[in-house]
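>>> I'd like to go over a predicted model; first the sequence, then the structure.
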Amino acid sequence: MRIKYDSEADVLLFVLRDDPPMDVIEESGGVIVSYGEDGEPVSVEFLNAVVRRLIQADEISVTLQSKSISVT
């Protein structure tokens, strides 16, 4: 996963996979989800990220947490 921020457009983008988007759905509240050919999400965009307080304009900090999954 890659995370990008465009300060001019104030858009926070989570790229989940490098597959090209085949379908795009704009949700209410300025969230855009792009889907691949298989129907799974490939990216999620958050419009007006600073205004919505998703990030601070002068400092970008991202914390990712993961859990171990054990299959028996």
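Nice, thanks for sending it over.
>>> Tell me which residues touch the closest residue to residue 1 other than its chain neighbours, please.
Distance criterion C-beta to C-beta, 6 or more residues apart in numbering; nearest residue to residue 1, sequence neighbours excluded, is residue 16 at 5.6 Å. (Each C-beta comes from the backbone N, C-alpha and C, glycine too.) For residue 16, the contact set (C-beta atoms under 8 Å, 6 or more residues apart in numbering) comprises 1, 41, 42, 43, 44.
>>> just these now: which is nearest residue 8?
Of all the contacts of residue 16, residue 8 sits closest to residue 43, with 18.5 Å by C-beta to C-beta.
>>> so where does the closest one fall, helix or strand?
For residue 43, the host element (DSSP states H and E) is strand 41-47.
>>> Against which helices or strands is that strand packed?
Here strand 41-47 touches strand 11-15, strand 31-35, going by 3 or more C-beta pairs under 8 Å, 6 or more residues apart in numbering; DSSP states H and E.
>>> Check those for me: which has the lowest mean pLDDT.
Lowest mean pLDDT of the helices and strands packed on strand 41-47: strand 11-15, a mean of 92.
>>> Roughly how far does the most centrally placed residue in the chain sit from residue 51?
Geometric centre of the chain, nearest residue: residue 14, 2.6 Å, by C-alpha atoms, centre = their mean. To residue 51, residue 14 is 18 Å away according to C-beta to C-beta, to the nearest Å.
>>> Check residue 44 too.
17 Å.
>>> So between the two, which is more surrounded?
residue 44 (15 against 10; other C-beta atoms under 10 Å).
>>> I'd assumed residue 33 was in contact with the more buried one.
Yes - in this structure, residue 44 is within contact of residue 33 by C-beta atoms under 8 Å, at 5.4 Å.
>>> Roughly how far does residue 46 sit from residue 38?
23 Å.
>>> Just want to know which of these two has more residues nearby.
Between residue 46 and residue 38, counted using other C-beta under 10 Å, residue 46 has the larger neighbour count: 18 against 9.
>>> Burial check on the closest residue in space to residue 27 that isn't next to it in sequence, number of neighbours?
When the adjacent residues along the chain are set aside, residue 27 lies closest to residue 33, with 6.6 Å between them (C-beta to C-beta, 6+ apart). Using other C-beta under 10 Å, residue 33 is surrounded by 17 other residues.
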